[in-house]
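1. Next input, structure requested:
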Amino acid sequence: MDNPPKVCIDRILPRDLMRLQHTTAMRGGGRRAIAPIGKTWMNGTTLRVRFFGGTPAEQIVARQQAEWWSQVANLKFDFNNALNAEIRIGFDHNDGAWSYVGTDSRSIPLDEPTMNLGFLDGGTAGHEFGHAIGLAHEHQNPAGGIQWNEAVVIREAAKSPNFWDEATTRHNILNKYRADQINGTAFDPDSIMLYFFPPSWTLNGIGTQANEVLSAMDKAFVAGAKMYPKTGGTTSTAVVLHVNAKRRTQASIGKAGEEDLYRFTATADGRYLIDTLGPTDVVMKLFGPNSETSLIAEDDDSGLDLNARIAADLVAGDYFVQVRHYSRRSGTGKYSIKVRKL
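-> As a prediction, the model looks like this:
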(Lines give C-alpha, C1' and ligand atoms only; values in the text may rest on other atoms or scores of the structure.)
Protein backbone atom coordinates (compact mmCIF):
# COMPACT_ATOMS: atom_id res chain seq x y z
CA MET A 1 0.00 0.00 0.00
CA ASP A 2 1.32 3.45 -0.90
CA ASN A 3 1.76 5.89 1.98
CA PRO A 4 0.26 3.73 4.73
CA PRO A 5 -1.22 5.78 7.58
CA LYS A 6 0.79 6.76 10.62
CA VAL A 7 -1.15 5.80 13.73
CA CYS A 8 -0.65 6.80 17.35
CA ILE A 9 0.06 4.25 20.07
CA ASP A 10 -1.74 4.46 23.41
CA ARG A 11 0.79 3.76 26.14
CA ILE A 12 -0.69 1.54 28.86
CA LEU A 13 0.56 1.17 32.42
CA PRO A 14 1.73 -2.34 33.35
CA ARG A 15 -1.04 -2.63 35.94
CA ASP A 16 -3.63 -2.13 33.20
CA LEU A 17 -2.27 -4.65 30.73
CA MET A 18 -4.58 -7.66 30.27
CA ARG A 19 -6.81 -6.27 33.02
CA LEU A 20 -10.14 -8.07 33.33
CA GLN A 21 -12.80 -5.36 33.44
CA HIS A 22 -15.30 -6.49 36.08
CA THR A 23 -18.52 -4.53 36.45
CA THR A 24 -20.71 -3.69 39.39
CA ALA A 25 -24.20 -2.26 39.70
CA MET A 26 -24.66 1.50 39.90
CA ARG A 27 -27.56 3.48 41.27
CA GLY A 28 -30.20 3.82 38.57
CA GLY A 29 -29.51 0.39 37.11
CA GLY A 30 -26.50 1.29 34.99
CA ARG A 31 -23.14 -0.44 35.14
CA ARG A 32 -19.59 0.80 35.26
CA ALA A 33 -16.14 -0.71 35.15
CA ILE A 34 -14.23 -1.14 38.39
CA ALA A 35 -10.99 0.14 36.94
CA PRO A 36 -8.24 2.49 38.11
CA ILE A 37 -9.58 5.92 39.10
CA GLY A 38 -10.47 8.06 36.05
CA LYS A 39 -7.68 9.56 34.01
CA THR A 40 -8.80 13.21 33.90
CA TRP A 41 -6.81 15.80 35.82
CA MET A 42 -8.35 18.03 38.45
CA ASN A 43 -10.45 20.68 36.76
CA GLY A 44 -8.56 23.97 36.61
CA THR A 45 -5.14 22.32 36.78
CA THR A 46 -1.98 23.88 35.37
CA LEU A 47 0.06 21.08 33.78
CA ARG A 48 3.78 21.62 33.54
CA VAL A 49 5.52 20.52 30.34
CA ARG A 50 9.15 19.54 29.82
CA PHE A 51 10.87 18.96 26.48
CA PHE A 52 13.37 16.15 26.05
CA GLY A 53 15.17 17.51 22.99
CA GLY A 54 13.39 18.63 19.85
CA THR A 55 14.26 21.52 17.55
CA PRO A 56 12.92 25.00 18.26
CA ALA A 57 10.47 24.55 15.37
CA GLU A 58 9.22 21.22 16.76
CA GLN A 59 8.77 22.70 20.22
CA ILE A 60 6.79 25.63 18.78
CA VAL A 61 4.38 23.25 17.04
CA ALA A 62 3.86 21.33 20.30
CA ARG A 63 3.16 24.55 22.22
CA GLN A 64 0.75 25.89 19.62
CA GLN A 65 -1.29 22.71 19.33
CA ALA A 66 -1.42 22.18 23.11
CA GLU A 67 -3.07 25.60 23.33
CA TRP A 68 -5.93 24.36 21.13
CA TRP A 69 -7.15 22.49 24.21
CA SER A 70 -6.43 25.13 26.86
CA GLN A 71 -8.37 27.71 24.86
CA VAL A 72 -11.60 25.76 25.40
CA ALA A 73 -10.97 23.64 28.51
CA ASN A 74 -10.37 24.70 32.11
CA LEU A 75 -6.72 23.63 31.93
CA LYS A 76 -3.45 25.46 31.38
CA PHE A 77 -0.03 24.31 30.17
CA ASP A 78 3.17 25.78 31.60
CA PHE A 79 6.13 25.01 29.32
CA ASN A 80 8.67 25.61 32.06
CA ASN A 81 10.79 22.45 31.62
CA ALA A 82 10.33 21.61 35.30
CA LEU A 83 12.18 18.46 36.31
CA ASN A 84 8.95 17.10 37.83
CA ALA A 85 6.67 18.19 34.97
CA GLU A 86 3.50 16.15 34.52
CA ILE A 87 3.95 16.00 30.73
CA ARG A 88 7.41 15.22 29.35
CA ILE A 89 7.85 15.18 25.59
CA GLY A 90 10.44 13.32 23.54
CA PHE A 91 11.08 13.77 19.82
CA ASP A 92 12.51 10.36 18.89
CA HIS A 93 11.84 10.02 15.16
CA ASN A 94 12.27 6.25 15.42
CA ASP A 95 9.57 5.82 18.07
CA GLY A 96 6.45 7.13 16.35
CA ALA A 97 3.81 9.26 18.06
CA TRP A 98 2.31 8.20 21.36
CA SER A 99 1.23 9.41 24.78
CA TYR A 100 0.15 8.06 28.12
CA VAL A 101 -3.46 8.94 28.84
CA GLY A 102 -4.21 11.63 31.40
CA THR A 103 -3.08 11.02 34.97
CA ASP A 104 -1.32 7.76 34.02
CA SER A 105 1.73 9.95 33.36
CA ARG A 106 2.08 10.40 37.14
CA SER A 107 3.24 6.78 37.33
CA ILE A 108 6.13 7.23 34.87
CA PRO A 109 9.68 7.91 36.19
CA LEU A 110 10.57 11.60 35.95
CA ASP A 111 13.54 10.93 33.67
CA GLU A 112 11.32 9.28 31.04
CA PRO A 113 8.98 10.91 28.50
CA THR A 114 5.23 10.59 28.85
CA MET A 115 4.72 11.56 25.20
CA ASN A 116 6.72 11.18 22.00
CA LEU A 117 6.32 13.29 18.89
CA GLY A 118 8.29 11.23 16.39
CA PHE A 119 6.40 12.92 13.57
CA LEU A 120 4.42 16.15 13.50
CA ASP A 121 2.17 15.75 10.49
CA GLY A 122 -0.93 17.97 10.59
CA GLY A 123 -2.48 17.93 14.05
CA THR A 124 -0.38 15.12 15.53
CA ALA A 125 0.74 17.17 18.55
CA GLY A 126 -2.85 18.26 19.18
CA HIS A 127 -3.93 14.62 19.05
CA GLU A 128 -1.27 13.54 21.54
CA PHE A 129 -2.11 16.39 23.92
CA GLY A 130 -5.70 15.15 23.71
CA HIS A 131 -4.47 11.85 25.13
CA ALA A 132 -2.40 13.70 27.74
CA ILE A 133 -5.51 15.40 29.13
CA GLY A 134 -7.46 12.13 29.24
CA LEU A 135 -9.04 11.55 25.82
CA ALA A 136 -9.06 8.21 24.00
CA HIS A 137 -9.03 7.32 20.31
CA GLU A 138 -12.32 8.19 18.60
CA HIS A 139 -12.17 5.14 16.31
CA GLN A 140 -12.45 3.02 19.47
CA ASN A 141 -15.66 4.77 20.52
CA PRO A 142 -18.29 2.02 21.10
CA ALA A 143 -20.74 4.22 19.23
CA GLY A 144 -18.52 4.16 16.14
CA GLY A 145 -19.63 2.30 13.04
CA ILE A 146 -16.30 1.43 11.41
CA GLN A 147 -16.49 -2.04 9.88
CA TRP A 148 -12.88 -3.18 9.96
CA ASN A 149 -11.42 -5.72 7.57
CA GLU A 150 -9.34 -7.19 10.36
CA ALA A 151 -7.02 -9.28 8.19
CA VAL A 152 -6.08 -6.26 6.07
CA VAL A 153 -5.63 -3.96 9.08
CA ILE A 154 -3.36 -6.46 10.84
CA ARG A 155 -1.32 -7.02 7.69
CA GLU A 156 -0.88 -3.33 6.84
CA ALA A 157 -0.18 -2.17 10.40
CA ALA A 158 2.70 -4.65 10.51
CA LYS A 159 4.44 -2.66 7.77
CA SER A 160 6.29 0.66 7.95
CA PRO A 161 5.90 3.10 9.66
CA ASN A 162 4.15 1.23 12.52
CA PHE A 163 5.64 -2.30 12.50
CA TRP A 164 3.00 -3.54 14.94
CA ASP A 165 2.29 -7.12 15.91
CA GLU A 166 -1.32 -8.31 15.95
CA ALA A 167 -1.85 -7.63 19.66
CA THR A 168 -0.68 -4.02 19.30
CA THR A 169 -2.90 -3.48 16.27
CA ARG A 170 -5.92 -4.85 18.08
CA HIS A 171 -5.21 -2.63 21.09
CA ASN A 172 -4.71 0.57 19.08
CA ILE A 173 -7.19 0.14 16.24
CA LEU A 174 -9.61 -2.80 16.30
CA ASN A 175 -10.72 -3.07 19.91
CA LYS A 176 -13.49 -0.75 21.08
CA TYR A 177 -14.14 0.46 24.58
CA ARG A 178 -17.29 -0.75 26.28
CA ALA A 179 -19.88 1.94 26.83
CA ASP A 180 -19.53 1.48 30.60
CA GLN A 181 -15.78 2.14 30.48
CA ILE A 182 -15.89 5.67 29.16
CA ASN A 183 -17.49 9.05 29.39
CA GLY A 184 -18.36 9.72 25.79
CA THR A 185 -20.41 11.23 23.05
CA ALA A 186 -21.81 9.95 19.79
CA PHE A 187 -19.13 8.94 17.29
CA ASP A 188 -17.48 12.06 15.85
CA PRO A 189 -16.01 11.55 12.35
CA ASP A 190 -14.41 15.02 12.54
CA SER A 191 -12.59 14.51 15.88
CA ILE A 192 -8.88 15.21 16.04
CA MET A 193 -8.73 11.98 18.06
CA LEU A 194 -9.62 10.04 14.89
CA TYR A 195 -6.83 9.11 12.49
CA PHE A 196 -7.06 8.64 8.72
CA PHE A 197 -7.79 5.08 7.66
CA PRO A 198 -8.06 4.13 3.95
CA PRO A 199 -11.25 2.55 2.58
CA SER A 200 -9.35 -0.66 1.87
CA TRP A 201 -9.07 -1.24 5.63
CA THR A 202 -12.86 -1.59 5.97
CA LEU A 203 -15.42 -4.14 4.79
CA ASN A 204 -17.80 -1.56 3.34
CA GLY A 205 -15.17 0.56 1.60
CA ILE A 206 -15.78 3.57 3.88
CA GLY A 207 -12.62 5.00 5.39
CA THR A 208 -12.00 7.99 7.63
CA GLN A 209 -10.52 11.40 6.94
CA ALA A 210 -7.43 13.03 8.39
CA ASN A 211 -8.61 15.55 10.99
CA GLU A 212 -5.97 18.16 11.70
CA VAL A 213 -7.86 20.53 14.03
CA LEU A 214 -10.27 20.19 16.95
CA SER A 215 -13.84 19.50 15.88
CA ALA A 216 -16.84 21.31 17.30
CA MET A 217 -17.66 18.17 19.31
CA ASP A 218 -14.06 17.93 20.59
CA LYS A 219 -14.34 21.48 21.93
CA ALA A 220 -17.80 20.99 23.42
CA PHE A 221 -16.93 17.69 25.09
CA VAL A 222 -13.63 18.73 26.66
CA ALA A 223 -15.26 21.90 28.00
CA GLY A 224 -18.33 20.00 29.22
CA ALA A 225 -19.34 18.65 32.59
CA LYS A 226 -17.55 15.32 32.14
CA MET A 227 -14.14 16.85 31.46
CA TYR A 228 -12.96 20.41 32.21
CA PRO A 229 -15.84 22.92 32.47
CA LYS A 230 -14.90 26.57 32.92
CA THR A 231 -17.31 26.72 35.90
CA GLY A 232 -14.78 24.78 37.94
CA GLY A 233 -12.48 27.68 38.77
CA THR A 234 -8.75 27.24 39.36
CA THR A 235 -6.51 26.57 42.33
CA SER A 236 -5.91 30.32 42.64
CA THR A 237 -9.61 30.80 43.39
CA ALA A 238 -9.95 27.83 45.75
CA VAL A 239 -11.89 28.53 48.96
CA VAL A 240 -9.73 28.21 52.06
CA LEU A 241 -10.82 25.66 54.66
CA HIS A 242 -9.45 26.04 58.18
CA VAL A 243 -8.62 22.78 59.92
CA ASN A 244 -10.83 22.21 62.99
CA ALA A 245 -12.93 25.29 62.26
CA LYS A 246 -15.82 25.73 64.69
CA ARG A 247 -18.36 26.03 61.90
CA ARG A 248 -18.81 24.09 58.72
CA THR A 249 -18.33 25.90 55.40
CA GLN A 250 -21.66 26.24 53.60
CA ALA A 251 -21.67 25.74 49.83
CA SER A 252 -23.78 24.62 46.88
CA ILE A 253 -23.51 23.18 43.41
CA GLY A 254 -25.32 25.97 41.61
CA LYS A 255 -25.06 24.72 38.02
CA ALA A 256 -24.96 21.28 36.45
CA GLY A 257 -21.34 20.26 35.95
CA GLU A 258 -20.01 22.77 38.47
CA GLU A 259 -17.02 21.67 40.56
CA ASP A 260 -16.20 23.47 43.79
CA LEU A 261 -12.55 23.72 44.78
CA TYR A 262 -11.09 24.11 48.29
CA ARG A 263 -7.64 24.17 49.85
CA PHE A 264 -6.36 23.61 53.36
CA THR A 265 -3.02 23.40 55.10
CA ALA A 266 -2.01 20.48 57.27
CA THR A 267 0.44 22.07 59.68
CA ALA A 268 1.51 18.73 61.15
CA ASP A 269 1.63 15.10 60.11
CA GLY A 270 -1.42 13.13 61.19
CA ARG A 271 -4.80 11.72 60.28
CA TYR A 272 -7.28 14.15 58.77
CA LEU A 273 -10.99 13.82 58.03
CA ILE A 274 -12.75 15.73 55.26
CA ASP A 275 -16.50 15.28 54.96
CA THR A 276 -19.66 16.83 53.55
CA LEU A 277 -23.14 17.08 55.04
CA GLY A 278 -26.47 17.94 53.49
CA PRO A 279 -29.15 16.61 51.13
CA THR A 280 -26.97 16.71 47.99
CA ASP A 281 -25.32 13.63 46.47
CA VAL A 282 -21.70 14.70 46.02
CA VAL A 283 -18.38 13.17 44.97
CA MET A 284 -15.14 14.39 46.55
CA LYS A 285 -11.47 14.16 45.53
CA LEU A 286 -8.39 14.97 47.61
CA PHE A 287 -5.09 16.10 46.01
CA GLY A 288 -1.67 16.85 47.50
CA PRO A 289 0.56 17.41 49.29
CA ASN A 290 1.61 20.66 47.62
CA SER A 291 0.28 19.38 44.31
CA GLU A 292 -2.90 19.90 42.33
CA THR A 293 -2.21 16.84 40.16
CA SER A 294 -1.45 14.09 42.70
CA LEU A 295 -4.73 12.37 43.56
CA ILE A 296 -4.71 10.89 47.08
CA ALA A 297 -8.28 9.65 47.41
CA GLU A 298 -11.76 9.85 45.92
CA ASP A 299 -15.08 9.12 47.62
CA ASP A 300 -18.77 9.03 46.78
CA ASP A 301 -21.04 7.74 49.56
CA SER A 302 -18.85 6.92 52.59
CA GLY A 303 -20.40 9.73 54.62
CA LEU A 304 -23.88 10.16 56.07
CA ASP A 305 -26.57 9.23 53.53
CA LEU A 306 -25.27 10.40 50.12
CA ASN A 307 -22.42 12.51 51.47
CA ALA A 308 -18.70 12.05 50.86
CA ARG A 309 -16.10 11.28 53.51
CA ILE A 310 -12.31 10.89 53.23
CA ALA A 311 -10.08 9.98 56.17
CA ALA A 312 -6.36 9.88 55.32
CA ASP A 313 -2.94 9.99 56.93
CA LEU A 314 -1.34 13.18 55.62
CA VAL A 315 2.07 14.76 55.94
CA ALA A 316 2.36 18.49 56.56
CA GLY A 317 1.61 20.51 53.44
CA ASP A 318 -1.06 22.13 51.32
CA TYR A 319 -4.00 20.09 49.98
CA PHE A 320 -6.82 20.60 47.50
CA VAL A 321 -10.36 19.23 47.73
CA GLN A 322 -12.69 19.08 44.73
CA VAL A 323 -16.43 18.55 45.15
CA ARG A 324 -19.00 17.92 42.43
CA HIS A 325 -22.51 16.51 42.18
CA TYR A 326 -22.81 12.78 41.48
CA SER A 327 -24.87 13.64 38.40
CA ARG A 328 -22.62 15.78 36.22
CA ARG A 329 -25.41 16.29 33.73
CA SER A 330 -28.18 17.72 35.90
CA GLY A 331 -27.26 17.68 39.61
CA THR A 332 -27.40 20.77 41.82
CA GLY A 333 -27.90 21.37 45.53
CA LYS A 334 -26.58 22.63 48.86
CA TYR A 335 -24.02 21.00 51.16
CA SER A 336 -21.45 21.86 53.80
CA ILE A 337 -17.81 20.78 54.17
CA LYS A 338 -15.31 20.58 57.02
CA VAL A 339 -11.72 19.43 57.66
CA ARG A 340 -10.65 18.03 61.03
CA LYS A 341 -7.39 16.67 62.42
CA LEU A 342 -8.23 13.49 64.31
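
2. use CA for all of it now, contacts and neighbours both
-> OK.

3. Would you enumerate the residues in contact with D269?
-> Shown in contact with D269 (Cα atoms under 8 Å, 6 or more residues apart in numbering): 313-316.

4. now the residues you listed in a markdown table, with pLDDT, distance to Y335 and neighbour count?
-> Putting these into a markdown table (pLDDT from 0 to 100; distance: Cα to Cα, whole Å; neighbours: other Cα atoms under 10 Å) gives the following:
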| residue | pLDDT | distance to Y335 | neighbour count |
| --- | --- | --- | --- |
| D313 | 96 | 24 | 11 |
| L314 | 96 | 24 | 20 |
| V315 | 95 | 27 | 15 |
| A316 | 95 | 27 | 13 |
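
5. Tell me which entries of those residues lie within strands.
-> Per DSSP state E, strands hold the following members of those: 313-314.

6. In the contacts of D269, find the pair that's most separated.
-> Between all members of these, the longest pairwise span (Cα to Cα) is found for D313 and A316 and amounts to 10.0 Å.

7. Just the pLDDT for the nearest residue to T237 once chain neighbours are set aside.
-> Of all residues not flanking T237 in the chain, L261 sits nearest, at 7.8 Å (Cα to Cα, 6 or more residues apart in numbering). pLDDT, L261: 91.

8. L261 is in contact with F320, isn't it?
-> Yes - if you go by Cα atoms under 8 Å, L261 and F320 touch, sitting 7.1 Å apart.

9. hey, what's in contact with both of those two?
-> Overlap of the contact sets of L261 and F320 (by Cα under 8 Å, 6+ apart) consists of T235.

10. Neighbour count: these two, which is higher?
-> Ranked by neighbour count (other Cα atoms under 10 Å), L261 and F320 place F320 first, with 27 against 24.

11. partners of the residue nearest to T237 in the sheet?
-> Applying DSSP bridges to L261 gives these bridge partners: Q322.

12. Quick one: residues contacting it.
-> With Cα under 8 Å, 6+ apart as the criterion, the residues that contact L261 are 232-235, 237-239, 320-323.

13. Give me the below-cutoff pLDDT ranges for the stretch 151-300 of the chain.
-> The model of the stretch 151-300 of the chain has pLDDT under 70 over residues 161-162, 175-188, 225, 232-233.

14. can you pull out the helices in the stretch 1-150 of the chain?
-> Secondary structure of the stretch 1-150 of the chain (DSSP state H, counting those that start in this stretch): helices at 56-70, 124-132, 150-157.
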